[in-house]
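J.: sequence unavailable; structure follows:
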């Protein structure tokens with residue numbers, strides 16, 4: 001007979017005192033962003049058929065909830081009023097399979113596909129540490145607050161499985177391997193332990209979930225693009241992508257920038273900027289074709305700057321003819337023209353710079369240059385150059 005899973009009342013928060021309501025709702029709105037009502041209604045509709053929602057689902061619907069964890073109280077209150085329970089990750093792991101869908105159970109406990117041996121060993125190792133009860137979490141948090149490092153270590157070890165369960169959701173979403181995702185998640189877990197305040201009544205796994213997720217998503221944002229985009233912009237791009245997809249389904253066509261701007265409540269110029277920033281950068285060295293084909297993307301892109309072989313040959317002939325013309329000038333005149341027009345090394349110089357080299361005034365250099373150019377105009381070779389080029 002399967003042991004019946006223990007379920008909690010909807011709110012993992014245990015308030016130490018009644019919550020004070022702001023008598024001035026307008027001022028309250030000025031201080032913090034209100035919970036998205038549409039997203040909350042969608043979350044409630046999702047949870048009604050099964051009677052519960054998971055912490056994963058709350059994260060999906062409110063991806064920036066970690067910015068102010070007090071938002072959770074309002075979300076939990078609404079869910080409680082709708083008769084919907086909130087299940088933590090460890091609750092999912094403990095619940096018998098007939099009480100939740102197979103997909104939900106896999107999401108919380110399994111890394112899909114074959115994990116490397118080192119990951120399998122790591123999972124077996126962290127599985128040996130039992131999960132903590134709420135009272136145990138509170139006691140260890142008190143001890144850590146007094147400076148007990150062993151208490152911190154125990155909290156971390158007991159929640160390493162929580163990191164894995166969150167990290168596996170981000171497999172194939174970027175360049176990070178599962179081991180990298182776990183490592184980044186562990187950094188978030190360490191931060192959660194340091195910031196956790198047991199007096200506020202949060203269950204630690206609820207609090208840590210936001211920090212772990214934030215650490216992983218920030219790492220993905222930093223490393224997923226050739227050109228780094230700030231995390232806040234990555235979140236904006238994600239919202240833009242979701243809005244565009246939603247409008248595409250509703251309209252049956254690609255939405256206009258103006259339509260997206262209205263839906264996102266942004267200026268059109270801002271939306272166009274998001275569209276520009278969100279473009280994917282591709283490498284010219286990326287391989288094209290199958291393994292036998294050694295071609296890269298650059299092989300199929302026309303280079304507008306490089307000269308063709310015929311153009312190169314023509315330029316070489318022109319260079320030789322220019323040298324022949326300059327050969328009839330004095331050494332001083334030749335050197336001045338080479339410096340002024342970059343004929344020797346491609347670098348042009350001002351009259352003043354050339355004057356310093358020859359220890360004369362810039363006006364004198366201008367006079368010598370004018371005299372040399374007049375000689376060139378009268379040269380027979382110049383007429384042939386004009387005819388050919």
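T.: Nice, I can see it. No experiment lies behind these values; they were computed from the predicted model shown.
J.: domain map for this protein?
T.: 23-87, 116-224, 231-299, 309-388 (automatic domain parsing).
J.: dump those into a markdown table; add mean neighbour count and mean pLDDT as well.
T.: Bear in mind the C-beta positions are built from the backbone N, C-alpha and C, glycine included. Below are the domains of the chain laid out as a markdown table (neighbours: other Cβ atoms under 10 Å; pLDDT from 0 to 100):
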| stretch | mean neighbour count | mean pLDDT |
| --- | --- | --- |
| domain 23-87 | 15 | 67 |
| domain 116-224 | 18 | 83 |
| domain 231-299 | 13 | 80 |
| domain 309-388 | 13 | 83 |
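J.: what helix or strand does the closest residue to residue 379 other than its chain neighbours sit in?
T.: Ranked by Cβ to Cβ, 6 or more residues apart in numbering and with sequence neighbours excluded, the top spatial neighbour of residue 379 is residue 325, at 5.3 Å. Assigned by DSSP states H and E, residue 325 belongs to helix 309-326.
J.: and the helix or strand just after that helix, what does it pack against?
T.: The first helix or strand that comes after helix 309-326 along the chain, using DSSP H and E, is helix 331-341. Where contact means 3 or more Cβ pairs under 8 Å, 6 or more residues apart in numbering; DSSP states H and E, helix 331-341 is packed against helix 309-326, helix 351-358, helix 362-377.
J.: Throw the ones you listed into TSV and include distance to residue 335, thanks.
T.: What follows is the helices and strands packed on helix 331-341, written out as TSV (distance: least, Cβ to Cβ, whole Å):
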stretch	distance to residue 335
helix 309-326	10
helix 351-358	8
helix 362-377	10
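J.: now do residue 342 against residue 208, distance only.
T.: Separation of residue 342 from residue 208 (Cβ to Cβ, to the nearest Å) stands at 63 Å.
J.: residue 361 now?
T.: 76 Å.
J.: cool, residue 122 as well?
T.: Counting by Cβ to Cβ - residue 122 and residue 208 are separated by 18 Å.
J.: same question, residue 345
T.: To residue 208, residue 345 is 62 Å away according to Cβ to Cβ.
J.: one more: residue 246?
T.: Taking Cβ to Cβ, one finds residue 246 at 31 Å from residue 208.
J.: same question for residue 150.
T.: Distance from residue 150 to residue 208, by Cβ to Cβ: 19 Å.
J.: then residue 255?
T.: In terms of Cβ to Cβ, residue 255 sits 38 Å off from residue 208.
J.: equivalent analysis for residue 268, please.
T.: Distance, residue 268 to residue 208, using Cβ to Cβ: 40 Å.
J.: ditto for residue 313
T.: 69 Å.
J.: same deal with residue 359?
T.: Distance, residue 359 to residue 208, using Cβ to Cβ: 75 Å.
J.: residue 355 now?
T.: Here residue 355 is placed at a distance of 71 Å from residue 208 (Cβ to Cβ).
J.: how about residue 144?
T.: The value you get for residue 144 to residue 208, if Cβ to Cβ is used, is 14 Å.
J.: which neighbours do these two share?
T.: Residues touching both residue 144 and residue 208 (Cβ atoms under 8 Å, 6 or more residues apart in numbering) are residue 193.
J.: need the contact list for the residue nearest to residue 272 when sequence neighbours are not counted.
T.: Distance criterion Cβ to Cβ, 6+ apart; nearest residue to residue 272, sequence neighbours excluded, is residue 257 at 5.5 Å. With Cβ under 8 Å, 6+ apart as the criterion, the residues that contact residue 257 are 268, 271, 272, 275.
J.: and the third one, what are its phi and psi?
T.: Right, the one you point to is residue 272. Torsion angles at residue 272 (phi, psi; degrees, to the nearest 10) stand at phi -60, psi -40.
J.: disregarding residues adjacent in the polypeptide, which is nearest to residue 180?
T.: Nearest residue to residue 180 in three dimensions, chain neighbours excluded: residue 219, at 7.4 Å (Cβ to Cβ, 6+ apart).
J.: so what's the backbone phi/psi at that neighbour?
T.: Here residue 219 shows phi and psi, under degrees, to the nearest 10, equal to phi -60, psi -40.
J.: quick one, what contacts it?
T.: Contacts of residue 219 (Cβ under 8 Å, 6+ apart): 176, 180, 181, 184.
J.: how close does it get to residue 196?
T.: 21 Å.
J.: okay, and residue 86 sits in which element?
T.: Assigned by DSSP H and E, residue 86 falls in strand 85-87.
J.: thinking again about what came up before, of all the helices and strands packed on helix 331-341, which one is nearest residue 213?
T.: Closest to residue 213 of the helices and strands packed on helix 331-341, according to Cβ to Cβ: helix 309-326, at 56.1 Å.
J.: ranges for the helices of the stretch 51-200 of the chain?
T.: Listed in chain order, the helices of the stretch 51-200 of the chain (DSSP state H, counting those that start in this stretch) span residues 55-61, 71-81, 89-94, 102-109, 117-126, 134-145, 149-158, 160-167, 178-195.
J.: what's the first one packed up against?
T.: What that stands for is helix 55-61. helix 37-47, strand 85-87, helix 204-223.
J.: next SSE after the longest one?
T.: So the one you mean is helix 204-223. Past helix 204-223, the next helix or strand by DSSP H and E is helix 231-251.
J.: following that next one, which helix or strand comes up?
T.: Next in sequence after helix 231-251, counting helices and strands by DSSP H and E, comes helix 257-264.
J.: I'd like to check the angle between that following helix and helix 231-251, please.
T.: If you take axes from the mean of the first three to the mean of the last three Cα atoms, to 10 degrees, helix 257-264 sits at 110 degrees to helix 231-251.
J.: for the closest residue to residue 263 other than its chain neighbours, list the residues it contacts.
T.: The shortest distance from residue 263 to any non-neighbouring residue, by Cβ to Cβ, 6+ apart, is to residue 243 (5.1 Å). By Cβ under 8 Å, 6+ apart, residue 243 lies in contact with 260, 263, 264.
J.: between those residues, which sits nearest residue 44?
T.: Nearest to residue 44 among the contacts of residue 243, with distances taken as Cβ to Cβ, is residue 263, at 22.1 Å.
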